[in-house]
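[1] Provided below for reference: sequence and predicted model.
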Amino acid sequence: MSDLEEAEIWYESATAVVGSARGREKYTVAVAQSIHALIKANDALTMKYLGKRSTSHEGASKLFGELVKRRKIDPKFAGLRRLLTRAAAEKSDFDYKAV
């Protein structure tokens, strides 16, 4: 399975959870799954254009920045690096602390 396919599955599962009739906890799960989707999508891009993936969640944003620097991603999306950085930093809070 490719990184992009995994990203799509993580995203689909997050969407399904949000659409469920469960309580507020569903949002914690959906956010965690969305972060996984975001990181996997980033892996798909970095593998395609750089031939490497991050070895840590925090390293994902660094590689995203490298994609922008090498103009593999339109510079207008450079600001999304902050989103990736924040998501990776807060991932454990959603995964383990039920934020």
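    Arrived safely, thanks for sending. Numbers count the residues shown, from 1 in each chain.
[2] Work out which residue lies at the spatial centre of the protein.
    With distances taken as Cα atoms, centre = their mean, the residue of the chain nearest its centroid is residue 38 (1.7 Å).
[3] Pull the contacting residues for it.
    Applying Cβ atoms under 8 Å, 6 or more residues apart in numbering to residue 38 gives the contacts 7, 83, 84, 87. For glycine as for every other residue, the C-beta is placed from the backbone atoms N, C-alpha and C.
[4] Residue 25 and residue 6, how far apart?
    24 Å (Cβ to Cβ, to the nearest Å).
[5] okay, the two: which has more neighbours?
    Set side by side, residue 25 and residue 6 show more neighbours around residue 6, with 17 against 10, by other Cβ atoms under 10 Å.
[6] Which other helices and strands does the lowest-mean-pLDDT helix or strand in the chain contact?
    Among the helical and strand segments of the chain, the one scoring lowest on mean pLDDT, DSSP states H and E is helix 80-96, with a mean of 81. Helix 80-96 sits against helix 25-50, helix 57-69, with contacts defined as 3 or more Cβ pairs under 8 Å, 6 or more residues apart in numbering; DSSP states H and E.
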